[in-house]
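> Following is a predicted model, sequence given first.
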Amino acid sequence: MSTATHVHPLIGFAGKTLTITELELRKLRHDFTDVITRAIQPALWLLLFGSVFAQLRLVPAGDIPYRDFMAPGILAQGVLFTAIFYGIGIIWERDLGVAQKYLASPAPRTALVLGKALSASLRALIQTVFIYTLSVILGVHVDWHPTALLGVITVVIFGAALFSSFSFIIACLVKTRERFMGIGQILTMPLFFASNAIYPISLMPPWLQVLAHLNPLTYIVDALRALMLAHGTSHLGLPLDFAVIILTTLLVVWIGSRVYPRIVR
Amino acid sequence: MPDSILNLRSLTRRFGPVTAVDGISLSVKRGEIFALLGSNGAGKTTTIKILTTMLPPSSGEASVAGYDVVSQATQVRRSMGYVPQAISVDGSLTGYENLVVSAKLYDVPRRERAERVAAALKLVDLEDAAGRLVRTYSGGMIRRLEIAQSTLHRPPVVFLDEPTIGLDPIARASIWQHVTRLRDEFGTTVFFTTHYMEEAEEFCDRIAIMHRGRISIVGTPEELKASVGSGDSTLDDVFVHHAGGVIETFTSGYRETSARRATARRLA
């Protein structure tokens, strides 16, 4: 009577992950304004903040112009800011009832969380296109080598998956929109400023340097700075950057799948 | 496990000091339409959440289609359809898209997908509205789409948590017409909760009345009426008799009430 079709678990897992991603993309297609509005904030940072700081020459950016130094930081910021409020969607889904539908389905919870994370990644990639365009207009020296571009895409995909799943975990724990927004606001600032996004870590007092090294955003920015810019270099080393980014992402997705059921209890 | 498809044994769920479900035992036969009747806060939704694996029980056991709700949760999820009290279809997708996504999540084989989705839309008379965004649907249409969605994988059991809440009488009648059709066409067992007595009486094979986390009485509508004595009793009399005639709201706090009203508002 019931149709328990037996497909290979891994294929089934991938299929369901992509189903969730597809679902989110279909929603996006029906309402594209969200993507546009989210692209505005990084644009403003680059234009306003970037212009002033490039003039002031306060920040020692190394051998490259400050605007170049800042562009990968703003890309990382775009990834962070869009992804960190992603969890509010799950609270909304709980209130509506859609969360119950997913959790009552036989799809593995990890696939559900990963599917959502990947849809955040795709949104971030759209934003990446905006930021690249703007960077080129502003005269940032971009590295167009295919390997470099592929590297940037990989970092953006994992970075968005990482912060959206982190946001997802918080949402499943706090459960209400009000508390979630409060916590989201509190987290965004230290994540952004205790990182190398708009100034080098070497400028920070020692205690803040320690925090910056514990912050996944630092590794994302470091990798992006090496990959996005024509003369970019990594301070921490790309292998370390990728290892931290990928392992942290896997960890938060796994934790996310553990706490997901709490949202409907 | 010959003909009983749901088995609950001393099922209990506590929330802190409150015992929402207090050691209930119950079995439901294959192909039955079974109602769990009770006032708000009687423990109906908690019971359904345990049976649908959304909530683990504090103690006791329950099985759905022969699978244990705790240790075999994935098999339980494969064997059931669930329409929660809140809305389980996505308003920002079309009716068709909602069903396709569900079919994929439930492992409906690729080659059968189109046919199943079409059959499901036909079952609930939504063929014409399938291409519209669900946020343009009426409350009755949304509930019908949810019923279609919950049966795409042809589950032997469907759980409906207050399926007619917030609907006008015409939409309610239509929901019941479709639920009955589901049972008649596929032999699906339907387990639902409600606090509308007349619905339970009209459409159910058997009814359990739940009060303060316990089952007061189980039986056919006739048996229930006979249990209060006089021949001309109505189910309302039965309810007052077995539920003590008080509206208990101990778990219906601010949040739940507001969620309930929000759902009713969206469906209206």
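Thanks, I have the structure now. Note that this is a predicted model, so its numbers are computed, not measured.

> From here on, just use CA atoms for contacts and neighbour counts.
Fine.

> A:Phe81 is in contact with A:Thr188, correct?
Yes: counting by C-alpha atoms under 8 Å, A:Thr188 does reach A:Phe81; the two are 7.2 Å apart.

> When these two are compared, which one has more neighbours?
Using other C-alpha atoms under 10 Å in any protein chain shown, the more surrounded residue of A:Thr188 and A:Phe81 is A:Phe81, with 24 against 16.

> Who are the contact partners of the residue nearest the centre of chain A?
Of all residues in chain A, the one closest to the mean position by C-alpha atoms, centre = their mean is A:Ala160, 2.2 Å from it. Taking C-alpha atoms under 8 Å, 6 or more residues apart in numbering or on different chains as the criterion, A:Ala160 is in contact with A:Val79, A:Leu80, A:Thr82, A:Ala83, A:Ala117, A:Leu118, A:Ala120, A:Ser121, A:Ala124.

> Could you measure from the third one over to A:Met228?
Taken as C-alpha to C-alpha, to the nearest Å, the spacing of A:Thr82 relative to A:Met228 amounts to 20 Å.

> Who has more neighbours out of the two?
A:Met228 (28 against 21).

> and that one, what does it touch?
Counted by C-alpha under 8 Å, 6+ apart, A:Met228 has contacts A:Pro72, A:Val142, A:Asp143, A:Trp144, A:Ala148, A:Leu149, A:Val152.

> So which of these is the closest to A:Leu236?
For the contacts of A:Met228, the minimum distance to A:Leu236 (C-alpha to C-alpha) is 15.2 Å, reached by A:Pro72.

> Show the contacting residues for the closest one.
A:Ala197, A:Val221, A:Leu224, A:Arg225, A:Met228, A:Leu229.

> Where does pLDDT dip in the chain?
Defaulting to chain A. A:1-7 (pLDDT under 70).

> I was thinking of chain B, sorry if that wasn't clear
Low-confidence segments of chain B (pLDDT under 70): B:1-2, B:230-232, B:244-257, B:268.

> which residue ranges form the helices in it?
Per DSSP state H, chain B carries helices over the ranges B:44-51, B:73-79, B:95-105, B:110-123, B:139-150, B:169-186, B:197-203, B:221-227, B:235-242, B:254-267.

> how about A:Thr248, what does it touch?
When contacts are counted by C-alpha under 8 Å, 6+ apart, A:Thr248 is found next to A:Leu162, A:Pro216.

> Give me the secondary structure label for it.
helix (DSSP: H, G, I helix; E, B strand; the rest coil).

> residues near the residue in chain B that chain A sits nearest to, how many?
Residue nearest to chain A within chain B (C-alpha to the nearest C-alpha): B:Ser88, separated by 4.2 Å. Number of residues near B:Ser88 (other C-alpha under 10 Å) recorded here: 27.

> same thing with A:Asp34?
A:Asp34, neighbours per other C-alpha under 10 Å, totals 10.

> so which strand or helix has it?
Under DSSP states H and E, the secondary-structure element containing A:Asp34 is helix A:33-44.

> quick check, that helix touching chain B?
No: judged by C-alpha under 8 Å from any C-alpha of the partner chain, helix A:33-44 and chain B are separated, with a smallest distance of 13.1 Å.

> got the buried residues for the helix or strand following that helix?
The C-terminal neighbour of helix A:33-44 among helices and strands, as given by DSSP H and E, is helix A:50-56. Neighbour counts over helix A:50-56 (16 or more other C-alpha atoms under 10 Å in any protein chain shown) mark A:Gly50, A:Phe53, A:Ala54 as buried.

> Please flag which of the contacts of A:Met228 sit within helices.
Those of those mapping onto helices are A:Pro72, A:Ala148, A:Leu149, A:Val152, per DSSP H.

> can you tell me which residues contact the last one?
Applying C-alpha under 8 Å, 6+ apart, we find A:Val152 in contact with A:Ala223, A:Leu224, A:Leu227, A:Met228.

> Likewise for the third one?
In this structure, A:Leu149 makes contact with A:Asp143, A:Leu227, A:Met228, judged by C-alpha under 8 Å, 6+ apart.

> Count the neighbours of B:Ser71 for me.
Quick note: B:Ser71 (other C-alpha under 10 Å) scores 11 neighbours.

> likewise A:Gln209?
Neighbour number of A:Gln209 under other C-alpha under 10 Å is 18.

> Is it part of a helix or strand, or is it coil?
helix.

> okay but it is in contact with A:Asn196, surely?
No: using C-alpha under 8 Å as the test, A:Gln209 is too far from A:Asn196 to be in contact (9.5 Å).

> who's in contact with the nearest residue to the residue of chain B closest to chain A once chain neighbours are set aside?
Leaving aside its sequence neighbours, B:Ser88 sits nearest to A:Val98 (C-alpha to C-alpha, 6 or more residues apart in numbering or on different chains; 4.2 Å). Going by C-alpha under 8 Å, 6+ apart, A:Val98 touches B:Ile87, B:Ser88, B:Val89, B:Asp90.

> Give me the distance between the last one and B:Leu99.
To tie it back to what came earlier, the one meant is B:Asp90. 10 Å.

> Then the first one?
As judged by C-alpha to C-alpha, B:Ile87 and B:Leu99 stand 14 Å apart.

> do the second one as well
Counting by C-alpha to C-alpha, the gap from B:Ser88 to B:Leu99 is 11 Å.

> tally of neighbours for residue 116?
The chain I'm using is chain A. Neighbours around A:Lys116, by other C-alpha under 10 Å: 30.

> that's the wrong chain, I wanted chain B
21.

> my guess is it meets B:Leu152, correct?
Yes: with contact defined as C-alpha under 8 Å, B:Arg116 reaches B:Leu152; the gap is 6.3 Å.

> So which residues on the stretch 51-200 of chain A come close to chain B?
Counting by C-alpha under 8 Å from any C-alpha, the stretch 51-200 of chain A sits next to chain B at A:Asp95, A:Leu96, A:Gly97, A:Val98, A:Ala99, A:Gln100, A:Lys101, A:Leu103, A:Ala104, A:Ser105, A:Pro106, A:Ala107.

> In helices only, show me the residues you listed.
A:Asp95, A:Leu96, A:Val98, A:Ala99, A:Gln100, A:Lys101, A:Leu103.

> dump the residue contacts of the first one.
Shown here is A:Asp95, whose contacts under the criterion C-alpha under 8 Å, 6+ apart are B:Ala86, B:Ala259.
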